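In: sequence below, structure please.
(chains A and B)
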Amino acid sequence: DQQVKQNSPSLSVQEGRISILNCDYTNSMFDYFLWYKKYPAEGPTFLISISSIKDKNEDGRFTVFLNKSAKHLSLHIVPSQPGDSAVYFCAAKSRTGGTSYGKLTFGQGTILTVHP
Amino acid sequence: DTEVTQTPKHLVMGMTNKKSLKCEQHMGHRAMYWYKQKAKKPPELMFVYSYEKLSINESVPSRFSPECPNSSLLNLHLHALQPEDSALYLCASSQTSGVGAGELFFGEGSRLTVL
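Out: Got it, this is the predicted structure:
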């Protein structure tokens, strides 16, 4: 049972344009969502997060949107740069339940390629 | 220092060997984790340590034995592994409360090959 889904295995974008990465979840207990970026031969790096009490969080070129009713979130990167080329993982967690703070459920990942 | 350091980066072992993966962080985080990642799959949680005590074991086979000697170190002892255990093993750490509690800092991983 895949509770976090990233249905696009890959995305190709021109430098300077917008990259939109999508993520859907099924578990209504999830109330905190994160995006991680992963380069080859490196561990995932935290990018941005959003709590379920918000519908938008922005950090520089990165904005995450959350639509709770649709159980959908998206990551927008504007403008996209070649250095953004990496695998992007959506992750979700429930903040209830004591020591579950580190129990992230990851999506399958989307490979983003930004062409110069 | 915002690094999580994992050693070794690569490990090849036979099914009868005993080896260990090591992880270290100096960010003062009191939660540490082991995740396993197979090729083209997302990371999957194995263990969570909170204040040096095992708090979550995701039904991991006993051939994987975690250990948290102190708040900065996390080990994963490996014994009698199977070829299907070959994967990238990721260590992570985080705060245990507040806004940063869900934000994991990952190491680069230890790539394990079981022959």
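
In: up against chain A, what does chain B have?
Out: Applying C-beta under 8 Å from any C-beta of the partner chain, one finds that chain B approaches chain A through B:4, B:6, B:31, B:33, B:40-45, B:48, B:50, B:55-56, B:90, B:92, B:94, B:96-97, B:101-109. From N, CA and C alone the C-beta is placed, and that goes for glycine too.

In: hmm, which of the residues you listed are the buried ones?
Out: B:4, B:6, B:31, B:33, B:42-45, B:48, B:50, B:55-56, B:90, B:92, B:94, B:101-109 (16 or more other C-beta atoms under 10 Å in any protein chain shown).

In: the residue most central in space within chain B and chain A, how far apart?
Out: For chain B, the residue nearest the mean C-alpha position is residue B:34 (2.8 Å; C-alpha atoms, centre = their mean). To chain A, residue B:34 is 10 Å away according to C-beta to the nearest C-beta, to the nearest Å.

In: check which helix or strand covers that residue.
Out: Assigned by DSSP states H and E, residue B:34 belongs to strand B:31-37.

In: report all helices and strands that that strand contacts.
Out: Contacting strand B:31-37 under the criterion 3 or more C-beta pairs under 8 Å, 6 or more residues apart in numbering or on different chains; DSSP states H and E are the following elements: strand B:18-25, strand B:44-50, strand B:64-70, strand B:73-79, strand B:87-94.

In: make TSV from these and add mean pLDDT to it.
Out: Supplementary listing: the helices and strands packed on strand B:31-37 in TSV, determined by pLDDT from 0 to 100:
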stretch	mean pLDDT
strand B:18-25	97
strand B:44-50	92
strand B:64-70	96
strand B:73-79	97
strand B:87-94	94
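
In: quickly compare those and say which is most buried.
Out: Comparing these by mean neighbour count (mean count of other C-beta atoms under 10 Å in any protein chain shown), strand B:87-94 ranks first with a mean of 24.

In: now do that one: distance to the chain's middle.
Out: Its chain's C-alpha centre and that of strand B:87-94 lie 4 Å apart, by C-alpha atoms, centre = their mean, to the nearest Å.

In: parallel or antiparallel, which strands does it pair with?
Out: strand B:31-37 (antiparallel), strand B:105-106 (antiparallel), strand B:110-114 (antiparallel) (DSSP bridges).
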